[in-house]
Every structure is written in C-alpha cells, then in structure tokens.
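Chemist: Structure for this input, please:
(chains A and B)
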Amino acid sequence: MAAAFGRYHTAVVRGIPDSVRYDALIQAEQRDYVDVEKARQEHAAYVQALRDLGLKIVELPGAEDLPDCPFVEDCAVVCNGTALVTRPGHSSRRGEVHAVKKVLEEDLGLEVVHMVEDEATMDGGDVLFTGKEFFVGLSNRTNEAGARILAETFPDYSVTTVPIARGLHLKCFCTMAAPDVMAVGEGPEAQRAWQEIRARGDHKYAVLNIPDDGAANCMFVNGTIMHCAADEFPKSAKTFTSARLEYPRVQVPNKELAKVDGSLTCLSLLI
Amino acid sequence: MPSEEGANEVNQQDAVPAENKTEVKTSPVKKTKPVKMQLCRVLLLDGTEYEVELDKKAKGQQLFDMICDHLNLLEKDYFGITYRDPQDQKYWLDPLKEIRKQIKDLEEKENVIIPPGGPWVFGFNVKFYPPDPAQLQEDITRYQLSLQIRDDILKGRLPCSFVTHALLGSYIVQSELGDYDPEEHSADYLSEFKFAPNQTKELEEKVMELHKTHKGQTPAEAELHYLENAKKLAMYGVDLHHAKVRQDEKDDSEGVEIMLGVCANGLLIYRDRLRINRFAWPKILKISFKRSNFYIKIRPGEFEQFESTIGFKLPNHRAAKRLWKVCVEHHTFFRLVSPEPPPKSKILFLGSKFRYSGRTQHQTRQISALIDRPAPNFERTLSKRFSSKSMDAGLWTSPGYAPYREQNRPDLSKLPPDMSASADAVGAGKLPYADDVPPQGDEIPFIDADTTDDFYSAYSRPGAQKSQGEKDAEQQRRQKNIHEMKMEFLSQTPQPAPGGWDARTPPKTLSQQKEEKEEHEVAAAVQETVPPVAEPEVNGTETHAAPPEPAAPEELTNKVDDDDEIPNVENAVVDELESQEPPTVEVKTETVKYVASDEAQPEFTSSVPIVKTESKTITYEQNEDGEPDQDPGVLVSAQTVTSETISTTTTTHITKTVKGGVAETRIEKRIVITGDTDIDHDQTTDDAQQ
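Modeler: Below you'll find the predicted structure:
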C-alpha cells in the first residue's frame, strides 16, 4: 500500500523572486532583509542535495507578485499518488497554488484534489505525515475545515489535529527525522505539540529533542537526514550529527530564507 | 407473540378443569410435549444463506456452533451472530441466552419488527478484528475475515483511497482467479468483481495492472497480503457509535456530534472525520453507563493529579448500554488473559451480571495453536455471487443519509454532508434521541448534574423504570431532601466504628488524617454556601486524594469510623473481603468526592501524556436508572478501593450515606462486571408467566 516511508522520486521546487526581500510575510516585528542572491545560492545547494539523493527536480519559475512562492510545501499535500492542493491560510498566497496544481496534475500525473471550500484553509506546512498517520496543526493558517478535507482525501489514515498557539506551522518545530522518529524542538510550544501527538496519535514515535525550535525542521529523504547547518544552529546541528540513528546526515544551509520564516521542508514538495 | 406460545400451553393445561382427568394425568411440568422448532436463516459472509431448524428455546451458542460447523471454522472466537435492523444497526446475539428472548427484547425495546411466524434472520460476522491476521492459525479463518472486510469496504464502513482499493482488489482477484493470464483474462474480466462502493473503469484497470504483479501467489498468500494491508487502515476493526458530547461545560447547548470508536486498542473519538482523541485501554479506569449517557474514567496523566471522567450522550438508553457492552467485550477479549469470573458477591444484588462469556484472544490463540488438521479445502467464489444490492449508508454519515462515496477524483462540491448537518436528520427521526419520550433538547446530563444519581445507582439497589415526569418530581424532591439531610448530618458528631472495621484497619496515617480533614472542610464549605441548586454542589477545592504511588499496599482509609451503624449485609461482605483478599496485592486508595461542575469537567482535548504501563485497574460498572421508590439518602462520601491480581479485579465501594438523619456505611464489593436489571426483569416476568 504505502511505499516505505521517505522514499521519493521527484521534488517540485520554485525559484525565488526578488520581491521576497521586501514583501514576503514575516512573523517577526522587524524585518531582517533577505539577501536575495545569497538566498538563491542556498536554494541551489538545497536543490542539489535533493538531486544527489536521487530525486528528479521540477523547478517552477518564481513570480514577483507571489513573494512567498518558494515555499511550495504550503501549496499541496502529496501522499501515495494523490495530491491535495490547498487553500493557503493567508489570502496573499492563494495565487501560488495554480502553477503547482498544474504541474502536479499534468506533468506528474498525480490524482489532484483541490480544496475549494470557502471556509477551509490549509498550509501544507501544518501537515505532518509520519508514514502511518497524519497530524494537522490548527494554526493561523490551517483550520478544522481544511483538516477535514484532508481526512476525506486520504481515508486510509487517521488524521489528528494538534492546536498550535504560537508559531507559524506545526512543521516549524516538529518533523520526521527518520521512520518513526520525530524531531521536536525543545521550546514549550513544540513540546506541547509533541505531548498532543503522543497522547492522541495512533502510533508510537521516538523523539529527538532539538535545542532550537527552528532546527527541528528536517527532512528524511531516501534514507538520508537533511538538517540545519552548524553555523546557523550549532547546538542543534550537533544533536543531529551525534544522534544514534543509522542514517547518513547532510547539512543544508538556509540562513536567508529563515529570515522570512522559511525552513527546509518549506522549499519542496516531495513525491 | 410467537414466543409466548410455550408458556401459554402450560397455562392452558393448568386451566383444564379437574374433571377432565384423562388429560391431566401428570403435572404439566413433567408432561412431554413436542419440541417446537424455529427456522433460522443466516446470511453468511460469502453471500450464501444457511438455513437450519432449531429448538425454539435454543440458545445463541447452539446456532453459532452449527454455523461454524457448517463453515468448517475452528477459530470461532473472533466471530458472532448479528441481527441487523433496516438502519444497518448491528445487534450481537448473546450465546448464553435463549435466542427467542433476545428477539423479543429487540422487538420490544429497539422497535425492531420481525415478521411473525417467519424465519429468524441473522448475519454471521466478525466481532473482534485481530490486529495481526497473520497470527491466525488457519487460512480458512483468514478467508472469513477477508470476506468481512470486503463487505466492510463495499458498505463504506472501511474507507480507503483509490490506491488501496486497487491493491486490495488485486489480491482478491489473485486469490479467486489465480495468476493473471492474458489469454484467459479478457479486458472485461474484472467486471463481475466489486472492489469499491463506487467503482470506475480506471479502478478496474489499476486492479488489473497490480494483479499482474502477483504472479505465483497462492490464494492463501494473496489473502494474507490482503489482510496485511487492510489491517493498517485507520478504521480497521473500529466499531463506531454516534454520540454527543458537550463542548463547553458552562454551555447549555445540545453538544457536539461525535463518533465513538471501539477497537482492540481502546476508545477513539472522532468529530467529522477527524480523530480528536484516543484512550488506550490502559488509560481507562472505568466504563459505565447511566440512562443514555456513557462515561469513561481516565487515569490521570503524568503531570496531573486527578482522574477525569468524560461523559457522552447516546441516542438512547439502549445505545448507551450497547456501547458499554461492546467496550466490555473488546477490553476483555484483547486485554485480559482470561475473562472475569462471575461475581460471587453475597450482597443482595438485583442486577444480573453481564460479562463477556467467550474466550479472550489470549485463550483462543492458545487453543488454536493446538489445531492439528490439514488445511480444509474451500472455494473462494464471493464475487460471482455478488448481487447488485444498492450500497447503503457509509461510515461517517448517519444511517439513512446520502451514502459515502469513495471517488477517484473526489469532487468536493458533492461531498456528503458532514456530521454537523446530520443533526437535522436526527431531529427528523432517523436517530431518536430519547427513550420513548420526546428529545430532551438541552438536557445532556453531565457528570456534575448526574453525580448524585450515579453514586446512588452504583451503590444502592437498582430497580424499575420510571416515567420522565416521575423522575423529574423525584429528582426535585430528592434534591430538597438531600439538602436538608446534609445540614442535619453535618451537625452530627462522629461516632466510633464498630468492631469489625477496627480490627481490620491499621492506625491512620498522616495522609489519611489530612484527607479526613479535607473532607470535613469541604463539607463545611457546603454548609456555608446554602443555596440548594442541582445536586450535588460542593464549592471549594477539589478533594481527590492524589492516587499515591503504590510502593506498598495502601491502607484503607478510616472514614467509616464516623458511622454509628453498619447494617448486617455489609458485615457479610467485610468477612468475604477478609477471606478473599490475596496477600500481595496492589491496592490503590482513592477518595471520590462531589466536585463543582467546572472542576469535574475534564477537557478531553487536554494533553494527557501517556502513562507508563502498570498493573491496570479497571472496573466495569453499570449504573441502572429507576428503581422501586426508595430514598437512598444523602451520599456524603464514597470511596473506591481496587485490588487486582492477574485474573481478577476486586472493587470495593465504601459509601457513607445519611438516611433520615442516620449515618450509614455501605460496603459493596464487586468482582468483574455488573449488568443490567432489564435482563432480570425479563427473567422474572417470564418466570411469572410460567
């Protein structure tokens, strides 16, 4: 039924528009300006890392009127050959989904379900698929109506909601580091979410506690753990490198886009 | 009614005049009469019907054994006989009881109509879905299980994605047709098969594609793969019940529609399609029902001090009881080594004792391991017999609603109405939400409002049903009395305990003294805040004693010291307690008190970290409503002491009540599960008729 967890053949990514510097959405009070050129370099390294792990890359062009468009993860949830194209929580991002939907449907031949219900919102960054079940963060961007549509779209799996009080998305501080292993930030919001997951999930997961919340966003791709760079999160990077897991690890820089709340998983849709 | 015939016959003979001596030679009881037979028709999982004539008085077990013989099925414990009503509501047949009585029960209480004189029609279904079908001993068992799952999928009870439908379908085809053969299998070869509630050409094509990849698999192997994939589905083995839960304890509104799912691992709670909570069996301390409410008591979490109780409103009393029974059975089957022995309580206890009567999974595995016969041959030909019955209601919708449709490309504009909309259908009479009376609307009694009744019913004697008006009046009267009596009791001075208790109970520890003090403090607070509102009202702090870590066996607290008399019946129990208490037993002391509604209210969505596994304590309790009119008095305190060995759970309830100014202590011990007086009433009524 489901392929072994974390096996992908293709990644969809999107180019970085210049507008990301001034117009991308931020949570912080003050804007720390993205160096767009450096961001593009980091992005290229990220894409190369995926290529090195055996993925075919489908790159969409960036759009200036969509400053957050590099964060394609929020536009869809892909699982077992079906893609749920979302209705992003922030109205400024709604336009991002069209190009993504097109490529998923036409170029990649996936079954596409489009979340059109007016009440429902979802950012893909709130959806954590563990390989065995879904957890959906109910945040400013994702609501229950959206979670319900996800549950309808993927009926094989149980879908459990996790309230998110602070922070942008569930996956900002909680992701799968390896099969049945969850990387969870040590901050209070992250730990709270982890307790919810433990209490209400169907399956058991081991936890890898990561000192910096932001660094808990990592990726398990074709048997390798992609995680934060040591110069951005020294303690957390060390936690990853020294964790007793049998998988090789790769550090991926992401300093620039982190300024606009972009983390590693945000930058791709893995199929 | 047909089932009365036997009784009537005897009565008629009784009525024969004495002159007619030739006809009344022997007493009616000894006179032999022809055994009345009844035709039973059982719809089997492969779609065939099995007909058999049984003694009209036959018990469920007899029919069950005959079916299993017919199916050549040895691993029977996972299965059961069902009756399904037109709304697809399932009722399990109790193997220990007479079938006809259960049918009569269904007719009367569930408003189910069974054509008189006709055959009794049943289904044969999986009752307990094994979490690991590979561990079943025989292929034939797996075959029956897979038939059930196929039906579950087609009827929408087990939702699947397109990919899953295709994969599962491909294994069915492999098991029924063998290897894909391009010569034998034309483009249309799958058209007779039904893989999904809504099947498309695209699905059939995908099945064919996957079928090709299973070359070489034997039917048994294909079936095993089928089950290995099916068992992973979120709704595999989940028995769903519609219920409502009050969202906000201060809110008087109707409450939120949810689904309660019972499965091998515990209880699951869904709202719409979302899983909103889950309670593994080890986390559940007690399950009970009262009227149409179902309650679970949850172990305190890692960082919590108190247990929480969560209440759910079921459509009616029978639904609550049905849910409770299903929980009891699932818990027993999957969690216990052996079923609980029948209660041996010497107290006069009018409730009959429902318990799961079959083997547990542990036992059935042990016995199945001894099966030593060559694998029986059987044909797998379900698909050919599949009739084009219309698909009835799906999983997530109320019965009678628009069917759930599995779609390859779900068109979201045509999604079935979600659960919140089904409230209207409920009002329209699809799911009556009251027991023979119009829906109560706002009345969703929660643990606070109902606590009085709970405790009374738990610790006093159950009795007959009352009308709603009677209940209301009684409730009001009771509340008034309670308040008065409380005032009276509180003004009394404590008295020394009778000898029995003194001899047994060790000196009070500091913590116990503190507990008593807390209790009195609470009681004092009640005195101050006079207004008689819905009972019971206790202001002030919650006074649960935190369940202490059982390093050493806990001592029983000495609250009973305050009582001045213990009726004889309790002494008997005390003796029993002494003789039966095993030496090395973990006893937890808990002090249960009334608490104000906002404190009692657990947020079932609150984070509850998983507690380390320890020897569990679980009580099955059935709180029955209605009784012969007696005033149980004011409940002042109640405690539960639970002790456990590997195979038994002994629960001792100690309650202190005030009746007419006199303090009374009742000690009630229960082993296992207590049951429903309804059953006893039938029994007594039946007996009276004969």
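Chemist: Could you use CA atoms for every contact and neighbour count after this?
Modeler: OK.
Chemist: Show the average pLDDT along stretch A:80-87.
Modeler: Mean pLDDT, computed over stretch A:80-87, is 95.
Chemist: Could you tell me the end-to-end distance of that stretch?
Modeler: 20 Å (C-alpha to C-alpha, to the nearest Å).
Chemist: and B:Met208, helix, strand or coil?
Modeler: Secondary structure, DSSP: H, G, I helix; E, B strand; the rest coil: B:Met208 is helix.
Chemist: ok, it - contacts?
Modeler: Counting by C-alpha atoms under 8 Å, 6 or more residues apart in numbering or on different chains, B:Met208 makes contact with B:170, B:190.
Chemist: I'd like the distance between it and A:Asp107.
Modeler: Distance from B:Met208 to A:Asp107, by C-alpha to C-alpha: 24 Å.
Chemist: do the same with B:Pro182
Modeler: With C-alpha to C-alpha as the criterion, B:Pro182 and A:Asp107 are 31 Å apart.
Chemist: go on, B:Gln361?
Modeler: From B:Gln361 to A:Asp107 the distance is 50 Å (C-alpha to C-alpha).
Chemist: Those two: who's more crowded?
Modeler: Counting neighbours by other C-alpha atoms under 10 Å in any protein chain shown for B:Gln361 and for A:Asp107 shows that B:Gln361 has the greater number, 21 against 10.
Chemist: Residue ranges in the chain under the pLDDT threshold?
Modeler: In the absence of a named chain, this looks at chain A. A:1-3 (pLDDT under 70).
Chemist: hm, I was asking about chain B
Modeler: Applying pLDDT under 70 to chain B flags the ranges B:1-33, B:86-88, B:111-112, B:114, B:246-254, B:340-354, B:381-690.
Chemist: now with 50?
Modeler: B:1-24, B:349-352, B:385-394, B:397-467, B:489, B:492-619, B:621-632, B:646-648, B:671-690 (pLDDT under 50).
Chemist: And it, what are its domain boundaries?
Modeler: By the record's domain assignment, chain B is partitioned as B:37-126, B:143-231, B:239-343+B:350-369, B:635-662 (the TED database).
Chemist: Can I get these in JSON lines including distance to A:Arg249?
Modeler: Listed next are these as JSON lines, based on distance: least, C-alpha to C-alpha, whole Å:
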{"stretch": "domain B:37-126", "distance to A:Arg249": "46"}
{"stretch": "domain B:143-231", "distance to A:Arg249": "31"}
{"stretch": "domain B:239-343+B:350-369", "distance to A:Arg249": "34"}
{"stretch": "domain B:635-662", "distance to A:Arg249": "47"}
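Chemist: A:Phe220: which of those is closest?
Modeler: Across the domains of chain B, the minimum distance to A:Phe220, taken as C-alpha to C-alpha, is reached by domain B:143-231, at 23.4 Å.
Chemist: Let's see stretch A:41-50 as CSV, backbone CA atoms only.
Modeler: Extracted as CSV, the C-alpha positions of stretch A:41-50 are listed here (Å, rounded to 0.1, in the frame of the first residue of the first chain):
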residue,chain,number,x,y,z
GLN,A,41,22.7,30.2,-3.8
GLU,A,42,21.4,28.4,-0.7
HIS,A,43,18.4,27.3,-2.7
ALA,A,44,20.6,25.9,-5.4
ALA,A,45,22.6,23.9,-2.8
TYR,A,46,19.3,22.6,-1.4
VAL,A,47,18.1,21.5,-4.8
GLN,A,48,21.5,19.9,-5.5
ALA,A,49,21.3,18.0,-2.2
LEU,A,50,17.9,16.6,-3.4
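Chemist: So which residues make contact with that stretch?
Modeler: A:11, A:13, A:57, A:221, A:252-256.
Chemist: Could you rerun that using 6 Å?
Modeler: Residues from elsewhere that reach stretch A:41-50 (C-alpha atoms under 6 Å, 6 or more residues apart in numbering or on different chains): none.
Chemist: same check, this time on stretch B:257-269
Modeler: B:237-244, B:270-271, B:275-281, B:334.
Chemist: Could you report the neighbour count for residue 197?
Modeler: Just going to use chain A. 22.
Chemist: ah, I was thinking of chain B
Modeler: 23.
Chemist: three-state assignment of it?
Modeler: coil.
Chemist: From chain A, how far off is the residue lying closest to it once chain neighbours are set aside?
Modeler: In space, and not counting its chain neighbours, B:Pro197 is closest to B:Leu154: 4.8 Å by C-alpha to C-alpha, 6 or more residues apart in numbering or on different chains. As judged by C-alpha to the nearest C-alpha, to the nearest Å, B:Leu154 and chain A stand 14 Å apart.
Chemist: Surely B:Val256 touches B:Val245?
Modeler: Yes. Contact criterion C-alpha atoms under 6 Å: B:Val256 and B:Val245 qualify, at 5.2 Å.
Chemist: between these two, which one's more packed in?
Modeler: Using other C-alpha under 10 Å, the more surrounded residue of B:Val256 and B:Val245 is B:Val245, with 21 against 18.
Chemist: mind listing what the more buried one touches?
Modeler: Here B:Val245 is in contact with B:255-256, B:312 (C-alpha under 6 Å, 6+ apart).
Chemist: Which of those fall in strands?
Modeler: B:256, B:312 (DSSP state E).
Chemist: of all the contacts of B:Val245, which comes closest to A:Asp23?
Modeler: B:Val256 (41.3 Å).
Chemist: The closest one and chain A, how far apart?
Modeler: On the measure of C-alpha to the nearest C-alpha, B:Val256 and chain A end up 14 Å apart.
Chemist: Okay, and B:Thr309 sits in which element?
Modeler: Assigned by DSSP states H and E, B:Thr309 belongs to strand B:308-313.
Chemist: how long is stretch B:180-191 end to end?
Modeler: 15 Å.
Chemist: Any chance you could list what contacts it?
Modeler: By C-alpha under 6 Å, 6+ apart, stretch B:180-191 touches B:Lys212.
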